[in-house]
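**Student:** I'd like to go over a predicted model; first the sequence, then the structure.
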Amino acid sequence: MQELLILGVWSHAREMALIAARVNQLEPRWKVIGFVAPPGQEATGTLDGLPVLPWPATLENYPEAGLVPDYGWPQRQELPRERLVSLVDPSTFVGPGVVIGTGCVVYPHCFIGAGARIGDLLFCLSSSVINHDDVIEDRVTLAAGATLAGGVHVETGSYLGQGCLVRQNLCIGRDSLIGMGAVVVADVAPESVVIGNPARRLRANT
């Protein structure tokens, strides 16, 4: 079993530990060492029976441990890519030819269709759909129930809100925010906030 450090001390981090436990029920894979407090936050006590550990000393104390960051982990905090690992809940459907990068977290009951390509540090909440031939770049977040039709391209740093829908073959520009329940029927320019049905640009995403 590989040692695992979960970077973060918030609700998602606790859920990530449960995903690791669900994986272990099928095949022992992860030995969760504990949760790592973010830079500048005191590391004290325990969380769900696991210790809260300090950054960055813990990385040196456990040099062989894999790292997986919570959604709330500071994005500007550089992480050693060679130590990042991905957590994919065993209930997720993963189609043929799918490529999943490192440092990704995929919650229960998601769907990843054939030929989809996912970059690093995807945070994908429950019941989201990434359809066939979609391309997801780095540091993208899909909130619960977000649905992408086939051939969608989501650029780096974008956030797709809960229950949003994206039509096939569209591009979501980098660092964009798609509002909860939005229905996207046209390409989204980089650094945009879009809302509504059909989705319209509300403002720049600063």
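**Tutor:** Yep, that arrived. Numbers count the residues shown, from 1 in each chain.

**Student:** Below-threshold pLDDT in the chain: ranges please.
**Tutor:** Within the chain, no range satisfies pLDDT under 70.

**Student:** could you pull out the helices for it?
**Tutor:** Assigned by DSSP state H, the helices in the chain fall at 11-26, 57-61.

**Student:** how about those helices, which one is nearest Asp89?
**Tutor:** Among the helices of the chain, helix 11-26 comes nearest to Asp89, with 5.0 Å by Cβ to Cβ. In this view, the C-beta of every residue, glycine as well, is placed from N, C-alpha and C.

**Student:** Specify the beta-bridge partners of the closest residue to Thr102 other than its chain neighbours.
**Tutor:** Leaving aside its sequence neighbours, Thr102 sits nearest to Leu84 (Cβ to Cβ, 6 or more residues apart in numbering; 4.2 Å). Beta bridges link Leu84 to Leu67, judged by DSSP bridges.

**Student:** what about Leu84, how many neighbours?
**Tutor:** 18 (other Cβ atoms under 10 Å).

**Student:** Select, out of the helices of the chain, the one closest to Cys171.
**Tutor:** helix 11-26 (27.4 Å).

**Student:** returning to that earlier point: let me know which of the helices of the chain is tucked in deepest.
**Tutor:** helix 11-26 (a mean of 16; mean count of other Cβ atoms under 10 Å).

**Student:** name the helices or strands packed onto that helix?
**Tutor:** If you count contacts as 3 or more Cβ pairs under 8 Å, 6 or more residues apart in numbering; DSSP states H and E, helix 11-26 packs onto strand 2-7, strand 30-36, strand 87-88, strand 105-106.

**Student:** winner for burial among those strands?
**Tutor:** strand 105-106 (a mean of 24).

**Student:** So Gly8 versus Glu15, what's the distance?
**Tutor:** With distances taken as Cβ to Cβ, to the nearest Å, Gly8 is found 10 Å from Glu15.

**Student:** Can I get the helices and strands packed on helix 11-26 in a markdown table including distance to Ile118?
**Tutor:** Formatted as a markdown table, the helices and strands packed on helix 11-26 follow (distance: least, Cβ to Cβ, whole Å):
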| stretch | distance to Ile118 |
| --- | --- |
| strand 2-7 | 19 |
| strand 30-36 | 20 |
| strand 87-88 | 10 |
| strand 105-106 | 9 |
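
**Student:** Noted, bye for now.
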